[in-house]
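A.B. asks: Just need the structure, nothing else, for what follows:
(chains A and B)
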Amino acid sequence: MRLGTVIATLAIASGVATAAVAAEVAPGDVAFTDDGVAMSLTGTAGDPDEGAKVFKNKKLGNCLACHANTAMEKELFHGNVGPVLDGVAGRYSTEQLRAIVTNSKQMFTQDTVMPGFYSLEVGKDVTKDLVGKTILAAQQVEDVVAYLGTLKE
Amino acid sequence: MNNISLFITGPVIALALAAGIAAVKADPVDDTLTIDGKEMISRAKAPEGHPFDEVMSGWLFRTAETRALEADTFVNPGMLEVEEGGAIWNTVEGTAGKSCASCHGDAAESMKDVGANYPKWDSDSGRPINIELQINKCREKNMGAEPYAFDKGGQKALTAYVKHQSLGTPVSIDLGQGEMQNWWDRGKELYYTRTGQLNLSCASCHEANMGKMIRADHLSQGQINGFPTYRLKQGKLISVHNRFRGCIRDTRAEMPKAFSDELMALEVYVTWRGTGLSVETPAVRQ
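C.D. replies: The predicted structure is shown next:
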């Protein structure tokens, strides 16, 4: 979080601390439309390399638990609970991908088993230390969306 | 050739690779479980009102290697603890100077098919009772011994020993006893309740996605006819409430206590979901 610290320090120095904080959209304030989520959650462009790490990390996105992704064929064990993500960038726009990762229940239906990765719409009895916390940070969602954008046929 | 050296040096990795191969073919196998020459019912017509047409043992969802371990009681690693349970059965404990055998004699006769019909209604406590709690009740009332703490003492071994006396017998519980039907209703509600930060219910995996792969794990119907089950991952017998708690924890939720009303209701309902399957205790799973 070094960059974040630098930005915060700069923001405070220039007297716009609140503006810097407001740049990150809170989970409850994400605006879903029929086209998805148009606005970046952070205002900082996603980094596809970081996104790939979040995607495969079992403690972060763990996307491979449910989705196969040929671009990561060196990784063992791809699940098939969700659709294969090969070419997903050709099927969904960036805005739609952002909406799906943020809270797929807003894009699909309440019945989807896909967790909302930047949502507080969660199940009962959340582990005490995770109450009020999202699975991924806003920037991690942006990074994953940037990575998904590289998955073209 | 990093992979090959890992394969040779790590039996756990070898198992993991075997599971990876199964990922290619993610359906329950067409195979028959025969334990020591006795054929098990691993597919049965589902009871009325069940979401599936057919109930299937988790054995059908495991790799050939894991399946083979269960088919022979001499290689089944869970049988060691079952034998320990047999020793406990004959051990005198408590102020009354009794063992289980003092009253129940030969378990092969007195406990035959008993485990296939639990949980049962317990009018003394006004709630369903499972084998573990029945053992504790007997220890306190008849033996003058301390009840076992959850998963402690000989609880798992003795429970497995008692259930093993029903090996092959189809699971069947009587919802007409006492308030069993109310507990079934409550268990059903819990089965479909999403928990935790990951927002998943039992049904999210074991009903909606049964037969699919979640990373290296082949999702079964989540049947409990083989509990206590020997889990290769943990290298010991695992009780059904331990597994319920583990699954709930994996949704990133707080875990209900073992034998709590929630988990007893869930046990009643999930046992019913496996109606007609043979008791496999001790089953062998990944």
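A.B. asks: Quick check: bridge partners of residue B:122?
C.D. replies: As for beta bridges, residue B:122 partners with residue B:127 under DSSP bridges.
A.B. asks: Quick check: it touching residue B:128?
C.D. replies: Yes: Residue B:122 lies in contact with residue B:128 (CB atoms under 8 Å); the separation is 6.7 Å. In this view, the C-beta of every residue, glycine as well, is placed from N, C-alpha and C.
A.B. asks: which stretches of the stretch 151-286 of chain B form helices?
C.D. replies: For the stretch 151-286 of chain B, the helices defined by DSSP state H, counting those that start in this stretch cover B:155-164, B:180-191, B:202-206, B:240-250, B:261-273.
A.B. asks: Contacts for stretch B:192-208, please.
C.D. replies: Contacts with stretch B:192-208, where a contact means CB atoms under 8 Å, 6 or more residues apart in numbering or on different chains, come from A:81, A:113, A:115-116, A:121-127, A:130, A:133, A:135, B:51-52, B:190-191, B:214, B:219-222, B:247-248, B:250-253, B:266, B:270.
A.B. asks: contacting residues for residue B:132?
C.D. replies: So residue B:132 contacts B:148, B:150, B:155, B:159, B:239, B:241, B:259 (CB under 8 Å, 6+ apart).
A.B. asks: Same check on residue B:43?
C.D. replies: Residue B:43 is in contact with B:54, B:55, B:56, B:57, B:60, counting by CB under 8 Å, 6+ apart.
A.B. asks: mind running it again at 7 Å?
C.D. replies: Residues counted as contacts of residue B:43 (CB atoms under 7 Å, 6 or more residues apart in numbering or on different chains) are B:54, B:56.
A.B. asks: From residue B:32, how far off is it?
C.D. replies: Distance from residue B:43 to residue B:32, counting by CB to CB, to the nearest Å: 9 Å.
A.B. asks: In strands, which of the contacts of stretch B:192-208 fall?
C.D. replies: residue B:214 (DSSP state E).
A.B. asks: could you say what helices and strands the biggest helix by length in chain A packs with?
C.D. replies: In terms of residue count, the longest helix belonging to chain A (DSSP state H) is helix A:94-107. When contacts are defined as 3 or more CB pairs under 7 Å, 6 or more residues apart in numbering or on different chains; DSSP states H and E, helix A:94-107 sits against helix A:138-148.
A.B. asks: and the helix it packs on, is it in reach of chain B?
C.D. replies: No: for helix A:138-148, no contact with chain B is found by CB under 7 Å from any CB of the partner chain; the gap never falls below 14.6 Å.
A.B. asks: Residues contacting that helix, please?
C.D. replies: A:24-25, A:40-42, A:44, A:46-48, A:50-52, A:54-55, A:60-61, A:85, A:88-89, A:94, A:97-98, A:101-102, A:117-118.
A.B. asks: try stretch B:221-231
C.D. replies: In contact with stretch B:221-231 (CB under 7 Å, 6+ apart) are residues B:52, B:55-58, B:76-78, B:156, B:159-160, B:171, B:202, B:206, B:210, B:237-240, B:270-271, B:273-274, B:277-285.
A.B. asks: Which residue comes closest to residue A:119 once chain neighbours are left out?
C.D. replies: residue A:103 (3.9 Å; CB to CB, 6 or more residues apart in numbering or on different chains).
A.B. asks: Which pLDDT value belongs to that neighbour?
C.D. replies: On the pLDDT scale, residue A:103 is placed at 98.
A.B. asks: Around chain B, pick out the residues from chain A.
C.D. replies: Checking chain A against chain B by CB under 7 Å from any CB, the hits are A:64-66, A:76-77, A:79-81, A:113, A:115, A:122-128, A:130, A:135.
A.B. asks: From those, list the buried ones, please.
C.D. replies: A:64-66, A:76-77, A:79-81, A:113, A:115, A:122-123, A:125-127, A:130, A:135 (16 or more other CB atoms under 10 Å in any protein chain shown).
A.B. asks: Can you give the strand pairings for the helix or strand encompassing residue B:55, parallel or anti for each?
C.D. replies: Using DSSP states H and E, residue B:55 sits within strand B:54-56. Paired neighbours of strand B:54-56 in the sheet (DSSP bridges): strand B:43-45 (antiparallel).
A.B. asks: could you give the mean pLDDT of the partner strand?
C.D. replies: Computed over strand B:43-45, the average pLDDT equals 98.
A.B. asks: Compute the distance between the spatially most central residue of chain B and residue B:72, please.
C.D. replies: The structure's chain B has its C-alpha centroid closest to residue B:227; by CA atoms, centre = their mean the separation is 2.1 Å. Here residue B:227 is placed at a distance of 20 Å from residue B:72 (CB to CB).
A.B. asks: Residue A:101 too?
C.D. replies: From residue A:101 to residue B:72 the distance is 47 Å (CB to CB).
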